[in-house]
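Novice: Give me a model of this one.
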Amino acid sequence: MALNGRLRQGPAPGLEAAAEAARFDSATNRWTLHVTEEQMQSMARAFFLERLGGSIAPANRFARTYGVTCPPRPIDFIPTALRGEADAS
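Specialist: Numbers count the residues shown, from 1 in each chain. I've put the predicted structure just below:
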């Protein structure tokens with residue numbers, strides 16, 4: 001969230017407030033964070049960006065626990081809108 005102004009796609013609306021409202025449960029040694037689906041996708045993207053910086057563990061753990069990932073596009077990816085044009089050439 002600190003990089004919000006430098007990113008093309010910033011965090012989902014309300015994510016910062018949700019993070020500030022998170023509570024730590026010392027009995028389970030876990031944070032409790034209540035987010036929407038859009039905010040969860042935004043968190044997955046943040047972990048993906050962190051993975052690009054060299055730390056893959058948080059992204060893997062988030063994907064295993066919640067089943068939400070932000071995978072990169074394949075190198076040969078062609079957007080759906082352009083697929084007809086690519087076939088016509």
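
Novice: Which other helices and strands does the lengthiest helix in the chain contact?
Specialist: Criterion DSSP state H: the longest helix present in the chain is helix 37-52. The contact analysis (3 or more C-beta pairs under 8 Å, 6 or more residues apart in numbering; DSSP states H and E) places helix 37-52 against helix 15-21, helix 57-66. The way it works is simple: take the backbone N, C-alpha and C, and place the C-beta from them, glycine included.

Novice: In the shortest one, which residues are buried?
Specialist: By 16 or more other C-beta atoms under 10 Å, the buried positions in helix 15-21 come out as 15, 18.

Novice: Can you tell me what sits against that helix?
Specialist: Contacts to helix 15-21, defined as C-beta atoms under 8 Å, 6 or more residues apart in numbering, come from residues 1, 33-35, 39, 42-43.

Novice: mean confidence for the longest helix of the chain?
Specialist: Averaged over helix 37-52, pLDDT sits at 85.

Novice: Output the lowest mean pLDDT helix or strand found in the chain.
Specialist: In the chain, no helix or strand scores lower on mean pLDDT, DSSP states H and E than helix 80-88, which sits at a mean of 61.

Novice: hmm, back to that, which residues make contact with the longest helix of the chain from outside it?
Specialist: The contact list for helix 37-52, computed with C-beta under 8 Å, 6+ apart, reads 9, 11-15, 18, 35, 58-59, 62-63, 66, 68-72.
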